[in-house]
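Visitor: requesting a structural model of the entry that follows:
(5 chains, ligands or ions: 5)
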Amino acid sequence: MRVLLDNFSKSFGTTKVIENMTLEVGHGEMLALLGPSGCGKSTTLFAICGIHRPTGGRILFGDRDVTDLPSQARNIGVVFQSYALYPHMTVAENIGFPLKVKGMPGEDIRKEVDRISGLVHIGNLLGRRPAELSGGQQQRVALARALVRKPDVLLLDEPLANLDAKLRLEMRSEIRRIQRETGITAILVTHDQVEAMSMCDRIAIMKEGEIVQIATPAEMYNDPRTAFVAGFLGNPPITFLRGVMANGAFAIPDSEIRVPLPVSIAASEGTKLMLGVRPEHFTPAGDIAVSGKVTFAETQGRENLYDVSLDGGPLLRSIQPVRHDVNIGDAVTWAIDSKGVLVFADDGRRL
Amino acid sequence: MRVLLDNFSKSFGTTKVIENMTLEVGHGEMLALLGPSGCGKSTTLFAICGIHRPTGGRILFGDRDVTDLPSQARNIGVVFQSYALYPHMTVAENIGFPLKVKGMPGEDIRKEVDRISGLVHIGNLLGRRPAELSGGQQQRVALARALVRKPDVLLLDEPLANLDAKLRLEMRSEIRRIQRETGITAILVTHDQVEAMSMCDRIAIMKEGEIVQIATPAEMYNDPRTAFVAGFLGNPPITFLRGVMANGAFAIPDSEIRVPLPVSIAASEGTKLMLGVRPEHFTPAGDIAVSGKVTFAETQGRENLYDVSLDGGPLLRSIQPVRHDVNIGDAVTWAIDSKGVLVFADDGRRL
Amino acid sequence: MKSSRMLGLIMIAPAAIMILLFFLMPVVLTGVFSMTNMTTATGISGGAYQIAPHSLNDLKSTMPDIAEQMSQPRYTIDETGLKAVEGLGLDAGIATELRAKHMGEVFKTRREAERMIKGLDQGPSTTQVKQISEQFNRSVVNSRFSSRQELFTALDTLGFKLTDAQKDSIAEATYTGWNWTTENFSRIVSSPDMARVLFNTLLYVALVLVLFNTTYAMLLAIWTHYMPAAPATIFRSIWLLPRITPVVIYVLMWKWLAWDTGFISVLMGKFGYPPKNYLLDNAYNAWLFVILINGFIGASMGMLVFSSALKAIPKSQFFASEVDGASRWQQIRYIILPQMRWPILFVTCYQTLSLLASFNEILLSTRGGPGKATEVWSLAAYHTALNNYAGNLEYGLGAAMALVLVVIGIVLSLFYLRIFNYGTLVSRPLIED
Amino acid sequence: MAEKSQVSANYSTWPVILALSIVSAPLVLMYAYLFLDTITDTAVGSLIPDSFTLRHWRFLWETLPGKPNIWLVTLNTLIFTTSVTAVIVLVSSMAGYVLSRLNVPARGFFLAGVMVLHAFPSVTLIIAIFIVLQMIGLYNSLIGVILVKAAIDLPLGIWLMKGFYDTVPWEIEMAGVVDGASRFRVWRSLVLPQVRPGIMALGLFSFLSGWSEFILPQVLAPGGKVQVLSVYLSSLIADDNNFDFGTFKAVGVFYIVPVLIVYALFHKYLMNIYGGGSKG
Amino acid sequence: FAKDITISVWAGGTGPNDTYRLDAIEIAAQQLEREAAIRGEDLKIKVEKTPYADWESFKQALTLAAEAKKAPNIVATGHEDIGPWSQAGLIVPIEDYVDLDSWPLNGIYENLMEIASFNGVVYGIPQDAESRPMFFWKPYMKAIGYSDADLDALPQKVQDGGYTMANVLEDAKKMQDKGLVQPGYGFYPRNSNGPDYWQFYTSFGGTMEEDGKLVFDKAAMTRTYQFFADAVKDGVTKKNHIGMPGDQWWKEVATGKAGIWHGGTWHYARLVKQEGLTNFFDNVVFTLIPAGEGGKANTLTHPLVYLLTSGHEKEETEIAAQLIKIASEPRINVLHAMKSAHLGIAKAESEIDLYSSDRWAREATERLLPYANAMPNNADFGTYWNIMWKGLEASWTGAKTVDASIGDVETELKSTLGDKIVIR
Ligand SMILES: Nc1ncnc2c1ncn2[C@@H]1O[C@H](COP(=O)(O)OP(=O)(O)OP(=O)(O)O)[C@@H](O)[C@H]1O
Ligand SMILES: Nc1ncnc2c1ncn2[C@@H]1O[C@H](COP(=O)(O)OP(=O)(O)OP(=O)(O)O)[C@@H](O)[C@H]1O
Ligand SMILES: [Mg+2]
Ligand SMILES: [Mg+2]
Ligand SMILES: O=P([O-])([O-])[O-]
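Guide: Ligands and ions are numbered 1, 2, ... in the order given. A predicted model of the protein is given here:
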């Protein structure tokens, strides 16, 4: 089912949170709403599921205008950030609740619950209460509860925020698998970029109530429209160098660093620029050699992360397969991969 | 200051949590206590800081036996998982509290607070209350409070668990930097392996109240003593293949997969074995080709993660730089790097 | 000793001492009183022996002569008395004149003796008259003796020859203090009204508790929960008013509503019904109002507890259930109520005990009437034992009646505490020092 | 965060407002008339006042014959009530802490015992309390009365405070001892500030209770001559000759007002008693 | 030599009109100081006055204070407290300190002095007197056929037994039947429990105490209960009359809503001063409580008495006794009588202008006081009373039949008072 936010606005009292947002999520698509805390992600979700009423605009499910429909009539499944499991009910009762309030006979509920709990691999936990479950199990119960009523739209509000790294990894693939299998339209709210990139067909990046860019993960990663977007995606994060346009190249004043820029970048001489260099594009294998001193190093198992303070002050980050020959304080000369650099205007626009 | 747990045991009523653990942390060293939930990490820490009394054994700081000393007399700094900031005090008051209870004059406290808050970069927040701080800022306040009394030992109980991924990354390096700068002995409790590996000099991996292995991060990663340890470290996690010893090679029955094993591994023919293959050791570049079907794929920005279901059922995981030519369902033939594989006995012991 | 335990003992000491002094000891003392016939007349701290005509009434049937003799006042002008008068240091002429003119005279009352003394030439002042007449008092009527010993010594000097058995009955009859007895309990058991009163009490506690202190309080909490903050606060304040209004005023307002000149009467008058006293018209009405009056006060405590418990349920659970399709009723039924077990138990327990002990509202509204229709145990205790128009409060009986209440209270509390799963309420300290 | 105090849009609020308005109507009506009666004169059998008068409020600016000055009485009441409140809050907040956190023998028994004692109707205790007071030499002293009144309200106070302490994270205390503070210091500087809502709620409860106390000061400290408002109030209808309902009601309203003010200031803390009270 | 002495005095049930209960002692103190001065003594008496508005807390406070030996020197309380308080040793006989044969004590009505005695000992001095008449609303009496002359003669007729309780019900019924008063307003008794109800028992021939023993006269009590049951049955009295609010009762009585009612002599002050019934004598006739079957017309007085408490220095008590004596002088006592609309305690009081010029005081004293009974000073009377009242309420409201009530009362009296009460 397609979901369309048409010129949607929402304010609380005098606080305008969202103004004239238009967003379309295609049928069966999984879209991530990504953005910093307080940018309006949850607000958007709450409007879609009907807990808050928009102060302007319309919300359409397929071609049906649901703007004034109460939640109960929208047929949506929601996984809340805190799961919002009912602590006094068993897992089975939690999952069966949406069916029970529909008045479905107990026998049918049991069947449905069995089916869906199998899908999320918690069939063996049905008799427990939420307090007796681990975070990941709770999360799957919440997911099962959201799915059991065969919703038209699935909304996930930071469903993984409470999990530890390992569980997170597992749940990412699980949710995606289920969403694919059931072919449901889903919106995932998160502020974790890895989550957004790994799980979704498209990502919408929000900032202060507005959508800054909407694209596929790869597009978003490779072709960010602003420095904000570029900084938001990538782990370890991108580093920026500040400089000016000098003879068709990016130059950092008072330093020898020159990065030739593609001709497509039409900036007049002396314009202030920002050069984004992702850690994987600053390695021994690049084409523009730069020297500096290692100020920080950490092992992450199969890879090492280095912060390199360039001559002249600016910092570049590098990620490389594990090596043992570089330590903090060492002088290194590594190279920027000129094909990987992203060029931004001083105000953050991508050039 | 050296910290020594000598034959330390702890039970709660009839529940034995730790039995006869011996652990030494060297002066200025940062040690990670890593392990699954409930294994006794916090219990160990609580004993070190004197909140719990050991039921057996001794605790030594340097050469001083502190076993029966109350917390107040131990001179330790602790950063709790929830930070445990005093919500009714400002940041400055929070940090200054340990000095205040010592009876230090107000003027001196102010100086110390200024110094330490500079160290953790929160000098500009001194007037705020904890509720007005972001998670990362709160974390730094907690750290400052732990450090301000110049403790002999710094204990960190999952200090990063509440932070989002990006902040976590930043704080990791920050804590490490400060620990290095102050040269304090530190113990970090965590269940996040990346955290443990990236921050600490050595890691102790615990399981059910016992220390399974204690080693440097690289050693631990490359030379795990058990399958449990191997599975615990590594992101994405290692995958295991189950098979038997057949002609000096690892073989999966009913499949063509054969992995030659080093002669050092002395296992009789037909012994059940587990082969651990880390995702970075299953790529197009390995030496033992294996075919399978991609069952899951996700982009993580600069890398892609694939789950490959081998003919015959077992699953291998692969991590590779971004590529666009492989999709879910595709048949691939990639190769295991035989130098990277880890061989375990059926009971999990490394061979 | 561990420092935290020491600190604990010190910090709990004020509460422990206060409760010991002003709760526990009084309760124990009340238990003691209940085994006595203590009244205003017997005093609290002990008695004396007083040969008063009233106290001799009982003896008149068993030993009429002695009783008669003892209860006669007698003033005899004799040598002993005159010696004593001389010793008073008054004008010497007084004794002389008495000896000369009145030796051997006997007066039946003190007043007569004093009239004589006043008529003496010396003209003693009133104070002196009293002093002098006292010296000639040859009876023990109305004198108080602090011990049995003194009483019988005095009787001895007056020449009473008494057997031990007679002494015992005299001592018993003339003792003014209280005695040990179990009679209070047998009185309670034998009183024709007590079963009825006990039933009333249970009815009262159960109805108010179920209808108002819990159900209606819950209704208030839920209603205000579904409201925006401002009206919710207003309604909560309105329902808190009965609790903070002095009960005399509060009950008066109900009378204003229900009396024959009250609001209901006037209103019904407009429809042609003659005015009547709706409050006391019949037992059913009285019960209705008793329950309303108490219920309106009682609802506020539950309302506060339930409201804050409701507030403690994470909002997301409400959102989730709405998204799951629950109607308002289903939300209440399946999400709110099941999670209110604890607060409901607490309120039930606390309010049961409060209700058992409360009677003021009933006293001021129906006084237990009409008839004894709305008399409850604590009110009966008050009525029979602690509110005596004629000034003689029956402390012993009152204590016995209160004790019954306490026993009921203890049984119920133990029952509730069991349900509360009391053991889980006190958890082991996590800091071991 | 998403969990704002916003009501969801899925249920309309007017049905509940309407329902509650209907059941609250009698109460509102009674209070409205109570107030109206203090500033008007109304004929018997009528509901509409005939004339406005401030006669009943005279007591505010002139001392009624045979009565003490109302402001003096109010001051007395205030002093009495605040003292009682202070004692209850102090004692309960210490005892509650011990019951919640410190390792003292027989804690559980104490807690249960306190609850059970509450079943005793306090009027019936007055004689026994008198004996105890006399024994310890506090009969006929205001301090004695304040202690007695406070003791009677202690059960609720201790339970309430214990519940609040239970909600304070142990970590705060752990941090405190690790930072070198003694347990007492931890209680005073770190834990006590966390239970402020509890202290407020308890303070409010105690204030309400103390404010309405009637019999204790009269009977247990007769020499103190502490006329409190409740006594002043009931003296207005004490007997046939001195029956003045208008003034009685006006004094009643006057009596409620301070409590309402206190309530208005602190009601949000009352909403937290579940923090609280019942979880034990 | 100089002497400073503090005399404390408490009075129960003391509202703004009754302050002379305390003030009289103060006036007496001045008098005594002057007398002392003439004798050449420098006596300074400080009087500490404590009024209690209600009875309940007053009595509790006083008994406890006395137990603690902290009682005031003088208390003014109902005479019925003499029994229990003297037994408990809380009070001392005043006759030990004053000469009863001297003025003004020898001028006090003999029956009042009797009421202040117990065990043949005079414990207190009457502080005031009152009595409780039957009131008739003149216009309605006329409307049912009484002439002015009839009404003027009514008090005498009642006294002679020519007009009885049966007539009360009859006339009340007539008033109602004629529509002069609403149903239930024909006979409009006191709205609460009170000593008044004993005077009906006595008017039906009952005796409260004989030879120091309480008496329960079953027949008389049956007639008493029956009278109220009949009144309810006839519809002239409301079944739920007891417990109605006082202000309503007053307003109704003062505005002629009730036909016949009873109350205390002090009601006059309230009706005239507070309720605005200024033309009292035009509207109201008052008489003794008429005789019932088997009894005589009578009324009840419930005086307050000054008592001396125990546990003080002898000298203090002596002075306190002197003060009581002086306060009982007609000139001083009349202030209380007139301000609070009570009756005088001595014949001489009637001769004081303030008193004699007051028609009400004069007529009420003459008409009522000589025929006044009082409740006995007996520690067990309260128990008797509670049980009696319970029975009366039960038969009044119809909760029990009269016979059943009497039966229950008898049972309960036997079980609680045993042989302390004579049942006949
Ligand atoms: N009920 C409300 N009343 C007033 N302001 C609100 C309300 N709900 C949200 N806001 C404000 O709207 C803005 C957006 O909030 P929202 O919860 O949608 O953020 P978010 O993107 O979900 O953030 P987070 O990642 O922290 O969950 C915030 O500034 C928030 O303070
Ligand atoms: N006070 C206690 N009483 C009884 N058992 C306890 C107590 N504290 C901890 N335990 C038990 O001891 C074991 C170890 O607990 P501990 O808190 O040390 O685990 P942990 O390794 O810190 O786990 P996590 O990662 O979840 O924090 C657990 O099984 C726990 O249930
Ligand atoms: Mg959000
Ligand atoms: Mg832990
Ligand atoms: O109660 P009384 O005023 O009638 O004595």
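
Visitor: for the residue in chain E that chain B sits nearest to, which non-adjacent residue is closest in space?
Guide: Scanning chain E for the residue nearest chain B gives residue E:57, at 44.6 Å (criterion: Cβ to the nearest Cβ). For every residue, glycine as well, the C-beta is placed using N, CA and C. In space, residue E:57 comes closest to residue D:218 once its chain neighbours are excluded; the distance is 4.2 Å by Cβ to Cβ, 6 or more residues apart in numbering or on different chains.

Visitor: repeat that for residue A:250.
Guide: Sequence neighbours aside, residue A:259 is the residue nearest to residue A:250 in space, at 4.3 Å (criterion: Cβ to Cβ, 6+ apart).

Visitor: which strand or helix spans that neighbour?
Guide: Residue A:259 belongs to strand A:258-260 when assigned by DSSP states H and E.

Visitor: contacts for whichever helix or strand comes after that strand?
Guide: Sequence order places strand A:272-277 as the next helix or strand after strand A:258-260, per DSSP H and E. Applying Cβ atoms under 8 Å, 6 or more residues apart in numbering or on different chains, the external contacts of strand A:272-277 come out as A:224, A:227, A:230-231, A:238-245, A:250, A:259, A:267, A:316-317, A:336, A:340-346, A:348, A:351.

Visitor: what subset of these is buried?
Guide: Those of the contacts of strand A:272-277 that meet the buried threshold are A:224, A:227, A:230-231, A:238-241, A:243-245, A:250, A:259, A:267, A:316-317, A:336, A:340-345, A:348, A:351, by 16 or more other Cβ atoms under 10 Å in any protein chain shown.

Visitor: chain E contacts on the stretch 151-300 of chain A?
Guide: For the stretch 151-300 of chain A, no residue is in contact with chain E (Cβ under 8 Å from any Cβ of the partner chain).

Visitor: ok, which stretches of the stretch 101-250 of chain D are helices?
Guide: With DSSP state H, counting those that start in this stretch as the criterion, the stretch 101-250 of chain D has helices at D:107-117, D:126-135, D:142-166, D:170-178, D:183-185, D:196-211, D:215-220, D:229-235, D:245-270.

Visitor: quick one, which of the ones you listed gets closest to ligand 5.
Guide: Checking the helices of the stretch 101-250 of chain D against ligand 5 by Cβ to the nearest ligand atom gives helix D:229-235 as the closest, at 15.1 Å.

Visitor: still on that earlier bit, what lines up beside the strand holding residue A:259 in the sheet?
Guide: Using DSSP bridges, the strands paired with strand A:258-260 are strand A:249-251 (antiparallel).

Visitor: how far does the partner strand sit from its chain's centre?
Guide: Offset of strand A:249-251 from its chain centre (Cα atoms, centre = their mean, to the nearest Å): 32 Å.

Visitor: please work out which residues outside the lowest-mean-pLDDT helix or strand in chain E touch it.
Guide: The helix or strand of chain E with the lowest confidence, counting by mean pLDDT, DSSP states H and E, is helix E:246-254 at a mean of 82. With contacts defined as Cβ under 8 Å, 6+ apart, helix E:246-254 is touched by C:259-261, D:44, D:237, D:240, D:243, D:245, E:135, E:185, E:188, E:191-192, E:257-258, E:261, E:263, E:267, E:270-271, E:274-277.

Visitor: report the buried members of these.
Guide: For the contacts of helix E:246-254, buried by 16+ other Cβ under 10 Å: C:259-261, D:237, D:240, D:243, D:245, E:135, E:185, E:188, E:191, E:257-258, E:261, E:263, E:267, E:270-271, E:274-275, E:277.

Visitor: which ones among these lie within strands?
Guide: Among the buried ones among the contacts of helix E:246-254, the members found in strands (DSSP state E) are E:135, E:188, E:261.

Visitor: quick one: the residue nearest to residue E:57 and residue D:230 touch, right?
Guide: No. Using Cβ atoms under 8 Å, residue D:218 is not in contact with residue D:230; the gap is 9.3 Å.
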